[in-house]
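[1] Provided below for reference: sequence and predicted model.
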Amino acid sequence: MTISNETKVGSLTAIAIVLLILGFNFLKGKSIGGDSHRYQAVFTDVQGLAKGNPVVISGKETGNILDIDGGKEMKQLKVSINMKDEVNIPDDSYAIITKSLLGAVQLEIKLGNSKTFKKDGDNIQTMASTDMIGDAMKKLDPVLYEVTKAVRSLDSVLHTVNSVVDPNTKHNIRSTMENLNKTTASLAVSSASLQSMLNAQTGSIAKTVDNLNSFTGALKNNNEKFTQTMTNVETATGKLAKLDLETTMTNLNSSITDLKSIMAKANSDKGTLGLLMNDPNLYNNLNATSNKLNLLLDDLRLHPKRYVNVSVFGRKDKTGPLTVPLPDTINAPYLPR
């Protein structure tokens, strides 16, 4: 049977259309034949991951990216994953976005150790994305890699702090730093002073140690004198200990008792001393005698002829005697005028 050219052209056209559709779907990541499993993973940054990019497990491509949807806010990007191969994905597995040295982006699933597995349509946990360049730097120069990561973290922290801290707080922090600088300067001065004190030749502590050594040397040189002094002190204390303090105290108590007895008799109206101190008649008699003596002396001074009868003085004084002492001797001894 002869097939016409129109039939051949139509068949080839149909085959080409089918191949085109299949190829387009394949490029979009859709499974051409057989069953497929779909999962989801949520990222905050997909780092250029696009539809159709491969999904890799243990270095083998097992699927591709079907869709990436971030909504209107684009804060959480939901990545739809199509798994062409049937793979058991443990529940503690996680997805991570990686980049090759040439810049190709892919989604890698790190398998966990759980005994239960993800089901079709489940979410896969995600982890902060890395790239092959970062891994290469980490292997080539771990220190530089850690420093770079630390600088990035520090920059992020400083950016956050700068966005949170208000101008007043910034001023307070600046003042705190200035005070810290002043404190550091004071510490430097104190350290210099301490170093000067600790100087082995001219430091105060060195001089103090020298004086202490000199003092201890003097003590050593006068050790015999100190020993002799302590011996004398010990001898004196021994003699003091040998004194009969009890007898001395007994005699002292007896003397005090006698003194109390004497004072008691003196305060009483018995005995000569008591009468002299306490009898008012004696005072009155002495006072009267004193007045009479004053009267006699005044009269003798004014009328000497009455008591001394000598012819050279002329006739005898026949005036009467004084009956009261003169005014200057009534209450006081005679004083010359």
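    Nice, thanks for sending it over. Numbering: from 1, shown residues only.

[2] in the helix or strand containing residue 297, what's buried?
    Element membership of residue 297 [criterion: DSSP states H and E] is helix 280-302. By 16 or more other C-beta atoms under 10 Å, the buried positions in helix 280-302 come out as 294-295, 297-299. In this view, the C-beta of every residue, glycine as well, is placed from N, C-alpha and C.

[3] ok, which stretches of the stretch 151-300 of the chain are helices?
    Assigned by DSSP state H, counting those that start in this stretch, the stretch 151-300 of the chain shows helices spanning 167-198, 204-221, 223-242, 245-267, 271-278, 280-302.

[4] export those as a markdown table, with columns for mean pLDDT and distance to residue 109.
    Converted to a markdown table, those look like this (pLDDT from 0 to 100; distance: least, C-beta to C-beta, whole Å):
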| stretch | mean pLDDT | distance to residue 109 |
| --- | --- | --- |
| helix 167-198 | 79 | 45 |
| helix 204-221 | 79 | 70 |
| helix 223-242 | 82 | 91 |
| helix 245-267 | 83 | 106 |
| helix 271-278 | 69 | 129 |
| helix 280-302 | 79 | 135 |
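
[5] now these as a markdown table including distance to residue 47?
    A markdown table is the format used below for these (distance: least, C-beta to C-beta, whole Å):
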| stretch | distance to residue 47 |
| --- | --- |
| helix 167-198 | 34 |
| helix 204-221 | 65 |
| helix 223-242 | 88 |
| helix 245-267 | 105 |
| helix 271-278 | 126 |
| helix 280-302 | 131 |
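
[6] what's the single longest strand in this protein?
    For the chain, the longest strand by residue count, based on DSSP state E, is strand 60-69.

[7] am I right that residue 40 sits in a strand?
    Yes. Assigned with DSSP: H, G, I helix; E, B strand; the rest coil, residue 40 falls within a strand.

[8] with adjacent residues omitted, what lies nearest to it?
    residue 123 (5.0 Å; C-beta to C-beta, 6 or more residues apart in numbering).

[9] find me the pLDDT at that neighbour, would you?
    You'll see residue 123 listed with a pLDDT of 92.

[10] give me the neighbour count for it.
    Number of residues near residue 123 (other C-beta atoms under 10 Å) recorded here: 12.

[11] what's it in contact with, if anything?
    Residues near residue 123 by C-beta atoms under 8 Å, 6 or more residues apart in numbering: 39-42.

[12] try it again with 10 Å
    Taking C-beta atoms under 10 Å, 6 or more residues apart in numbering as the criterion, residue 123 is in contact with 39-42, 78, 95.

[13] then residue 41?
    Contacts of residue 41 (C-beta under 10 Å, 6+ apart): 55, 65, 77-81, 94-97, 107, 109, 123-127.

[14] who is it paired with across the strands?
    For residue 41, the beta-bridge partners are residue 79 (DSSP bridges).

[15] against residue 124, how distant is it?
    When distance is defined by C-beta to C-beta, to the nearest Å, residue 41 is 5 Å away from residue 124.

[16] and if you look at residue 187?
    Counting by C-beta to C-beta, the gap from residue 187 to residue 124 is 56 Å.

[17] neighbour count: these two, which is higher?
    Higher neighbour count among residue 187 and residue 124: residue 124, with 19 against 10, using other C-beta under 10 Å.

[18] model confidence over stretch 93-107, on average?
    85.

[19] start and end of that stretch, how far apart?
    End-to-end distance of stretch 93-107 (C-alpha to C-alpha, to the nearest Å): 13 Å.

[20] centre of the chain versus it, how much separation?
    Put simply, stretch 93-107 sits 52 Å off its chain's centre (C-alpha atoms, centre = their mean, to the nearest Å).

[21] just say helix, strand or coil for residue 81.
    Following three-state DSSP, residue 81 is assigned to strand.

[22] report pLDDT for the closest residue to it other than its chain neighbours.
    Spatially, and ignoring its direct neighbours in sequence, residue 81 is nearest to residue 39 (4.5 Å; C-beta to C-beta, 6+ apart). Note on residue 39: pLDDT of 93.

[23] for residue 39, the count of nearby residues, please.
    Using other C-beta under 10 Å, residue 39 is surrounded by 23 other residues.

[24] need the contact list for it.
    55, 63, 66, 79-83, 89, 93, 95, 109, 118-124.

[25] tell me how far the residue lying closest to residue 92 once chain neighbours are set aside lies from residue 290.
    Residue nearest to residue 92 in three dimensions, not counting chain neighbours: residue 112, with 3.2 Å by C-beta to C-beta, 6+ apart. The spacing between residue 112 and residue 290, counted by C-beta to C-beta, is 136 Å.

[26] give the contact list for the residue nearest to the spatial centre of the chain.
    Residue closest to the mean C-alpha point of the chain, counted by C-alpha atoms, centre = their mean, is residue 183 at 15.9 Å. For residue 183, the contact set (C-beta under 10 Å, 6+ apart) is empty.

[27] for residue 274, same thing?
    Counting by C-beta under 10 Å, 6+ apart, residue 274 makes contact with 264-268.
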